[in-house]
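# fold the following for me, if possible:
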Amino acid sequence: MTRLLSYLYLGLTFLCCFSLSGCSSGAKSKTVHFSKDGFVAHFDYFNYRGDDDFYKKNPLPGDDYFYNPILPGWYSDPSICKNGDDYFLVTSTFSYFPGVPIFHSKDLVNWKQIGNVLDRPSQLKLNGQRVSQGIFAPAISYNPHNQTYYMITTNIGGGNFFVKTKDPFGEWSDPVWLPDVHGIDPSFFFDDDGKAYIVNNDEPVGGSKYEGHRAIRIQQFDVEKEKTFGPRIMLVNGGVNLAEKPIWIEGPHMYKINGKYYLMCAEGGTSVNHSEVIFRGDTPMGKFTPWDKNPILTQKNLDPNRPVPITCAGHADLVQKENGEWWAVFLACRPIGNKFENLGRETFLLPVKWSNDGFPYITKGNEVVPRIVRMNGVKRDSLCTFGNFEKNDDFNSRKLDIEWMTLREPIDSLYSLTDNPGYLSLRCANVSSTELKAPAYICRRMQHHKFVCTTKLYFEPTNGRETAGLLLLKDEKHQYFLSVGKLDGGRKVSLEKLTASGNSTIASNQIAGGNSPIRLKVVSKGKTYDFYYALGDGPWLSLCKDIDAYYLSTANSFGFTGTTIGMYATSK
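All right, here's what the predicted structure looks like:
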């Protein structure tokens with residue numbers, strides 16, 4: 001009898017588990033009873049589908065073509081390194097956690113995220129920092145002399161540091177801080193004689209003479225002792241031509257090519273005047289002379305009314321393929337009408353050309369950054385990072401996928417994937433997304449101007465303060481919240497405009513109470529958003545349409561990130 005009861009129990013357990021593990025949106029059986037262990041908002045799935053017109057109107061002509069950007073959405077400040085036929089690429093994350101996504105490729109076209117470099121609190125302290133503070137411009141390098149990978153960066157709240165690993169597919173070390181390296185944007189250079197250096201943005205000798213007046217400095221680095229030593233030498237004062245008062249020389253990278261040393265930097269700020277410039281010298285410590293045909297990459301002189309503009313191009317890094325070809329990754333924007341910059345700064349890829357006098361360049365004159373590029377000998381994978389793709393998460397895993405992010409720190413106490421298997425369960429935290437804290441917000445980047453995002457939510461608010469739903473977040477002061485809350489013994493679905501000074505309701509409808517599921521949908525049309533809801537498996541009902549997307553644009557809010565979207569729950 002005992003054995004029979006055990007078999008019956010296992011059978012019932014199997015059936016319950018099976019009913020909660022569907023692999024398509026909303027496919028799970030819904031005979032469920034959620035626990036009340038603080039988790040009151042239960043998300044069944046999250047689906048995001050890109051629908052940009054450019055990709056539909058311009059199919060790739062062959063398997064050896066790719067779309068720019070190669071990493072769409074807010075993947076800014078790309079840096080790349082190579083070891084054999086393995087390429088690794090990292091980008092900025094500012095005040096999101098985990099920090100610094102790392103991608104791997106064998107051919108420069110097909111990329112896959114393999115983790116996050118800063119994936120634990122001991123590596124990343126962000127609490128109290130604004131969204132556009134935190135981690136700036138990570139630079140990844142491989143040192144062949146000790147077979148070690150390094151990622152060096154700036155935490156605006158703490159200073160400059162690096163982490164290292166022998167295996168970039170695995171864990172990285174805790175931070176090694178560099179108290180003598182000031183400013184931002186540090187980068188390692190490992191010379192072929194075994195010597196190591198750090199180049200970075202810093203104050204000029206004698207201090208800044210005007211707004212945006214910066215310098216590039218270099219200092220030797222002791223690999224064994226893991227600290228800098230010797231004089232800090234200024235290699236570049238202001239930029240290419242100090243007489244023209246250039247601004248924001250930053251993002252330096254150094255290379256040794258054919259016996260010469262090249263120093264490549266961004267100049268002009270991160271907006272439409274952004275560019276990339278190149279210098280050359282005989283030793284790492286200078287003197288470095290600018291190329292007389294700088295910049296080597298920019299779009300600043302083009303007609304701002306041109307169709308499908310690419311803007312803000314700069315902050316590049318170079319890499320050489322096994323066949324001798326040089327390529328560059330760099331950031332740029334693709335706004336609508338030079339106004340709607342909701343996607344932030346993205347990662348692009350282009351071939352590098354060489355001048356007759358031995359300087360690399362990416363664009364020359366008024367050349368336009370192309371959206372479609374060919375790389376001979378490379379076949380594009382079906383699971384690529386660009387184009388109109390779809391992402392679906394049914395929350396069947398025991399941990400979040402590496403693409404998901406939170407703000408400032410992990411929020412392990414605020415969510416669970418195991419309390420109700422097959423669901424992302426969120427607590428309504430007493431934290432607002434407008435505060436410089438860690439709200440119950442789990443998000444991903446917006447990667448298309450036009451997209452559809454849906455979720456199914458089980459939520460029975462216990463008081464008028466508890467709300468949950470989909471949040472569209474640019475920063476602490478610019479957000480839209482498609483929420484479900486409590487109203488007069490029932491529930492309501494609302495769209496709220498969130499700011500640092502308070503919230504305002506754009507639209508609201510009363511719906512039935514209880515814990516029956518509610519589906520939520522955001523449709524982005526590029527310049528506007530439409531918001532929908534549905535009760536159970538019923539038809540979609542319009543809550544409001546044509547809500548201005550400019551509110552979430554960098555052109556309106558400023559800052560260094562793009563907009564994110566995800567699941568949010570709060571009691572504040």
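
# what's around F558, how many residues?
F558 has 13 neighbours, counted by other C-beta atoms under 10 Å. Bear in mind the C-beta positions are built from the backbone N, C-alpha and C, glycine included.

# contacting residues around it?
With contacts defined as C-beta atoms under 8 Å, 6 or more residues apart in numbering, the neighbours of F558 are S132.

# ok, now how distant is it from S132?
To S132, F558 is 8 Å away according to C-beta to C-beta, to the nearest Å.

# which regions of the protein lie under the pLDDT threshold?
1-37 (pLDDT under 70).

# what about 80?
1-39, 500 (pLDDT under 80).

# I'd guessed S553 sits against N338; true?
No: S553 is beyond contact range of N338, at 10.4 Å (criterion: C-beta atoms under 8 Å).

# which of those two has more neighbours?
The neighbour comparison of S553 against N338 (other C-beta under 10 Å) goes to S553, with 23 against 14.

# contact partners for that one?
By C-beta under 8 Å, 6+ apart, the residues touching S553 are 335, 339-342, 474.

# then Y96?
131, 134, 405-408, 561, 564.

# among those, which are in strands?
406-407, 564 (DSSP state E).

# out of those, who has the most neighbours?
With neighbours set by other C-beta under 10 Å, the maximum within the ones in strands among the contacts of Y96 is found at L407, which has 28 neighbours.

# that one bridge partners, please.
For L407, the beta-bridge partners are Y96 (DSSP bridges).

# distance of it from F94?
Taking C-beta to C-beta as the measure, L407 falls 10 Å from F94.

# count of residues packed around F161?
20.

# relative to P517, how far out is it?
When F161 is compared with P517 (using C-beta to C-beta), they lie 45 Å apart.

# domains of the protein: list them as residue ranges, please.
Following automatic domain parsing, one gets these domains for the chain: 22-50+388-570, 53-374.

# in CSV, list the ones you listed along with distance to R380.
Supplementary listing: these in CSV, determined by distance: least, C-beta to C-beta, whole Å:
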stretch, distance to R380
domain 22-50+388-570, 13
domain 53-374, 5
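
# between those, which one is closest to D381.
Nearest of these to D381, taken as C-beta to C-beta: domain 53-374 at 4.2 Å.

# gap between the closest one and the chain center?
15 Å (C-alpha atoms, centre = their mean, to the nearest Å).

# kindly check the end-to-end length of that domain for me.
21 Å (C-alpha to C-alpha, to the nearest Å).

# and the nearest residue to S433 once chain neighbours are set aside, how many neighbours?
Distance criterion C-beta to C-beta, 6 or more residues apart in numbering; nearest residue to S433, sequence neighbours excluded, is P439 at 4.6 Å. For P439, the neighbour count with other C-beta under 10 Å is 23.

# same question for S516.
Residues near S516, counting by other C-beta under 10 Å: 14.

# touching, it and L535? I think so.
Yes: S516 is within contact range of L535, at 6.7 Å (criterion: C-beta under 8 Å).

# list residues touching both of these two?
If you check S516 and L535 against C-beta under 8 Å, 6+ apart, no residue is contacted by both.

# who does the strand or helix carrying G485 pair up with?
Using DSSP states H and E, G485 falls within strand 478-487. Sheet pairing here is set by DSSP bridges, and for strand 478-487 it gives strand 467-475 (antiparallel), strand 490-499 (antiparallel).

# dump the shortest one to CSV, keeping only the CA atoms.
This points to strand 467-475. Output of strand 467-475 as CSV, limited to C-alpha atoms (Å, rounded to 0.1, in the frame of the first residue of the first chain):
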residue,chain,number,x,y,z
THR,A,467,0.4,47.9,-8.0
ALA,A,468,2.1,45.6,-10.6
GLY,A,469,2.5,45.4,-14.3
LEU,A,470,4.9,46.6,-17.1
LEU,A,471,7.2,49.5,-16.6
LEU,A,472,8.9,51.5,-19.4
LEU,A,473,11.9,53.2,-17.8
LYS,A,474,14.4,55.7,-19.2
ASP,A,475,15.6,57.0,-15.8
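
# ok so, going back, contact partners for the residue nearest to S433?
So P439 contacts 407, 411, 429, 431-433, 568, 570 (C-beta under 8 Å, 6+ apart).

# do A569 as well
Taking C-beta under 8 Å, 6+ apart, one finds 40-41, 414, 426-429, 440, 466-468 in contact with A569.

# which of these sit farthest apart?
Pairwise over these, using C-beta to C-beta, the maximum falls at L414 and T467, 14.5 Å.

# make JSON lines from the contacts of A569 and add secondary structure to it.
As requested, the contacts of A569 are exported to JSON lines (DSSP: H, G, I helix; E, B strand; the rest coil):
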{"residue": "V40", "secondary structure": "coil"}
{"residue": "A41", "secondary structure": "strand"}
{"residue": "L414", "secondary structure": "helix"}
{"residue": "L426", "secondary structure": "strand"}
{"residue": "R427", "secondary structure": "coil"}
{"residue": "C428", "secondary structure": "coil"}
{"residue": "A429", "secondary structure": "strand"}
{"residue": "A440", "secondary structure": "strand"}
{"residue": "E466", "secondary structure": "coil"}
{"residue": "T467", "secondary structure": "strand"}
{"residue": "A468", "secondary structure": "strand"}
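
# ChimeraX command for the buried members of these?
To isolate the buried subset of the contacts of A569 in ChimeraX, counting by 16 or more other C-beta atoms under 10 Å, use the following:
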select :40,41,414,426,427,428,429,440,466,467,468
